[in-house]
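Student: take this sequence and fold it.
(one chain, ligands or ions: 1)
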Amino acid sequence: MSSAPTAKHASWAYAEQHSGQDPVFEAARLRAAELGVNTIGEGTASALIALAAASRAHSIVEVGTGVGASSAALLRGAPEAVLTTIDVDPDHSAAARDLLRQEGISPSRTRLITGRAEQVLPRLKTQGYDMVFVDTDPASAAEFAYEAVRLLRTGGMLLINDALHGDRVPRPAVRDAGTHALRTLERALLEDERVTTALFGTGTGLLLAVRT
Ligand SMILES: C[S@@+](CC[C@H](N)C(=O)[O-])C[C@H]1O[C@@H](n2cnc3c(N)ncnc32)[C@H](O)[C@@H]1O
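Tutor: Predicted structure coming up:
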């Protein structure tokens, strides 16, 4: 028997707070509010830390640095990793640099690229990476995801943030372009024989595709 929607929501809210408040992610949230950009919540941060730790990643690519919360989470989980992170907005890259300093990450572990991911991703090495995290806008997520699958080694993980676009993707009546793009991407990855997928309700949706 399925649980009532309110109980489901309470479970989701409880899971989001599983790891408790963290000063680095709290600082990220405040900086993101100042800059008017979204950032990951505590639930997504703890998922990224755990998945990066499980993957024992050495090389990670991130699309959508923002204020650097997800960068900090990925590098905290994978202490041996070097992160290549791309953002088109120099103010966001600067905020991320500050946050990573606060997290105690050596600058030698991050390659912060200010530029459009459409131009940067094609230059990165095929099967050269253990993880790719995509956190930009829904319309471009599909394009970046296809590039990301090319970048991954066998066993590597692609993670698409905001894969449920808030709560829009599960509601059939919602048909805006971004929601449609994310539904199409979910189906495309499900049918892609190079990966195996799982869709988590963490944060605003986290779609995982593991390169087989
Ligand atoms: C939701 S924010 C990322 C939040 C970040 N992952 C965090 O946890 O703080 C999305 C970011 O994607 C960047 N962005 C949007 N389109 C882009 C593109 N085509 N290439 C590179 N960055 C892009 C924006 O400037 C913004 O900083």
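Student: need the residues of the chain near the ligand, please.
Tutor: Contact residues, the chain versus the ligand (Cβ under 6 Å from any ligand atom): 28, 37-40, 64, 66-70, 86-89, 92, 116-118, 135-137, 140. (C-beta placed from N, C-alpha, C; glycine too.)
Student: with only the CA atoms kept, save the helix or strand hosting Arg29 in PDB.
Tutor: Assessed by DSSP states H and E, Arg29 sits inside helix 23-35. What follows is helix 23-35, C-alpha atoms only, in PDB (Å, rounded to 0.1, in the frame of the first residue of the first chain):
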ATOM      1  CA  PRO A  23      29.000  25.800   7.700                       C
ATOM      2  CA  VAL A  24      30.400  25.500   4.200                       C
ATOM      3  CA  PHE A  25      27.100  24.800   2.600                       C
ATOM      4  CA  GLU A  26      25.400  27.400   4.800                       C
ATOM      5  CA  ALA A  27      27.900  30.000   3.500                       C
ATOM      6  CA  ALA A  28      27.200  28.800  -0.100                       C
ATOM      7  CA  ARG A  29      23.500  29.300   0.400                       C
ATOM      8  CA  LEU A  30      24.000  32.900   1.600                       C
ATOM      9  CA  ARG A  31      26.400  33.800  -1.200                       C
ATOM     10  CA  ALA A  32      24.100  32.200  -3.800                       C
ATOM     11  CA  ALA A  33      21.200  34.300  -2.500                       C
ATOM     12  CA  GLU A  34      23.400  37.500  -2.800                       C
ATOM     13  CA  LEU A  35      24.200  36.500  -6.400                       C
END
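Student: ok, and what's touching that helix?
Tutor: Helix 23-35 has contacts (Cβ atoms under 8 Å, 6 or more residues apart in numbering) with 38-42, 45, 66-69, 72-73, 91-92, 95, 98-99, 102-103.
Student: mind listing which of the residues you listed are in strands?
Tutor: Judged by DSSP state E, strands contain none of these.
Student: show me which of these are buried.
Tutor: Among the contacts of helix 23-35, those classed as buried by 16 or more other Cβ atoms under 10 Å are 38-42, 45, 66-69, 72-73, 92, 95, 99, 103.
Student: got the phi and psi for whichever residue of the chain sits closest to the ligand?
Tutor: Residue of the chain nearest the ligand, by Cβ to the nearest ligand atom: Gly66 (2.5 Å). Main-chain torsions, Gly66, degrees, to the nearest 10: phi 60, psi -140.
Student: check contacts around it.
Tutor: By Cβ under 8 Å, 6+ apart, the neighbours of Gly66 are 32, 37-39, 87, 92, 95-96, 135.
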